[in-house]
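1. the following comprises the amino acid sequence and a computationally predicted model.
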Amino acid sequence: LSAAESECRDDVIVSAEPLVLGLLTSKVVCPTAGGIATFTGTTRDTFEGKRVLRLEYEAYESMARREMMKICARMRERWPLRHIAMAHRTGVVPCAEASVEIAVSSAHRREALDAVSYAIDELKQHVPIWKREVYDDSSVW
């Protein structure tokens, strides 16, 4: 492997642009990784019996990126990971479109799967991104 291929990479994105499904997977492919795990969170059309029209996200973007990098560091303390990529969309996210995507590669599948689960839980808890749910009859932050 070249020096560039052997270095672990952490890539975080906060953007109003639509997330291209699978893009993050391509960012974590590595010849030393035997497993890649992903999570994609999408806008569903109903929540607690209400019809969802869309989600709207706001973020403190620079702090969100810093917090996402801190999550990457904590993931690396827990598991021997190769590459990590996380993206969160801001602005309006219509039904069936992605608002968050996480991809992780590691030598073995278990570490990648556990790390992805940890990452989404930490992202939702610590990253300054706020979601407004817009229903056909109301909205709530």
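-> Okay, I see it.

2. my read: Arg80 touches Glu111, true?
-> One thing to correct before we go on: residue 80 is Pro, not Arg. Yes: counting by C-beta atoms under 8 Å, Pro80 does reach Glu111; the two are 6.2 Å apart. C-betas here are computed from N, CA, C, even on glycine.

3. same drill for these two, tell me which one is more crowded.
-> Here Pro80 and Glu111 are compared on neighbour count by other C-beta atoms under 10 Å; more neighbours surround Glu111, at 22 against 11.

4. go ahead and confirm the more buried one touches Leu81.
-> Yes: the pair formed by Glu111 and Leu81 meets the contact definition of C-beta under 8 Å, at 6.4 Å.

5. torsion angles phi and psi at the nearest residue to Tyr135 once chain neighbours are set aside?
-> The spatial neighbour of Tyr135 that comes closest, neighbours along the chain excluded (C-beta to C-beta, 6 or more residues apart in numbering), is Lys50 at 4.4 Å. Lys50 adopts backbone torsions of phi -100, psi 150, taken as degrees, to the nearest 10.
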